[in-house]
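Asks: Sequence plus predicted model, see below.
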Amino acid sequence: MVCTMSMLIKLLPSLLEGASMSLFIFFGTLLVSYPLSLLFSYLYTLQIKGLNQLFRFYIMIERGTPLLLQLMFIYFGLPLLNIAIDRMSSVFIAFILNYVAYFMEINRGGIESVDKGQEEAAKVLGYSKTQCFRYIILPQAFKITLPSLGNEALTLIKDTSLVTVLGVTELLKVGRNAVNVYATALPFVYVGVIYLIMTSTCSLIIKKIESRLSFYR
């Protein structure tokens, strides 16, 4: 027990540093990808034929290939085409592109589930397409899609572990390095506990948001 506590005390600064990197990737991806997905979802509702076909192709590529492969392609593959991107930029480009696609599909489902009669009523009242989307469709769609968005947010926290393939020192890599140093799997337990804390906190925040939006039926 004393040995376990001693190991935890020694590892704690490294574990927290790794967790901070994981959270940095999480928040950076979320804060860019979700607003972009809303913009693209709005453009999708405009039914611009060529643009919608491009969106469908983009979503097919992003959802049809592993995020790990996308990370490796951007960082290791693009230099073969004389396009060199640094490590952290590669991480954010891959994560943002991937999660925009998933959020777009979630948004699309929410938007399509809103009664079309509300959009027609908004037009009669003089609302523009943009105003209707912002003030009428989007709030209801957000309420509908929040559980799915929450699931994606939890997945994003765990997906941050994939960046270790590019040599980024995040939480899981810190744990793996500690396992090699101490020749015990105990550091993985610490890593698992920290991931649970992060995902549990995220779940609580999502439930709080759901309760505040309970006035939408």
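Replies: All right, it came through fine.

Asks: any idea where the helices of this protein begin and end?
Replies: Taking DSSP state H as the test, the helices found in the chain are 2-45, 49-64, 67-72, 87-113, 116-124, 129-132, 138-159, 171-182, 186-212.

Asks: wait, isn't residue 100 in contact with residue 41?
Replies: No: the pair residue 100 / residue 41 is not scored as a contact, 9.8 Å apart, by Cβ atoms under 8 Å. In this view, the C-beta of every residue, glycine as well, is placed from N, C-alpha and C.

Asks: With residue 79 as the reference, name the closest of the helices of the chain.
Replies: When the helices of the chain are ranked by proximity to residue 79, the top entry is helix 87-113, at 10.2 Å, counting by Cβ to Cβ.

Asks: So for that closest one, what gets flagged as buried?
Replies: 90-108, 110-111 (16 or more other Cβ atoms under 10 Å).

Asks: So what touches stretch 123-143?
Replies: By Cβ atoms under 8 Å, 6 or more residues apart in numbering, the list of residues contacting stretch 123-143 from outside reads 38, 42, 45-46, 107, 110-111, 113-114, 118-119, 122, 213, 216.

Asks: so what's the closest residue to residue 150 other than its chain neighbours scoring on pLDDT?
Replies: Counting by Cβ to Cβ, 6 or more residues apart in numbering, residue 150 lies nearest to residue 206, which is 3.9 Å off, once chain neighbours are set aside. According to the prediction, residue 206 has pLDDT 93.

Asks: Show the contacting residues for residue 206.
Replies: Under the criterion of Cβ under 8 Å, 6+ apart, the neighbours of residue 206 are 146, 147, 149, 150, 153.

Asks: residues near the nearest residue to the last one once chain neighbours are set aside, how many?
Replies: Meaning residue 153. Beyond its immediate neighbours in the sequence, the residue positioned closest to residue 153 (Cβ to Cβ, 6+ apart) is residue 202, lying 5.6 Å away. With neighbours defined by other Cβ atoms under 10 Å, the count for residue 202 comes to 17.

Asks: got it, and residue 15?
Replies: A total of 20 residues lie near residue 15 under the criterion other Cβ under 10 Å.
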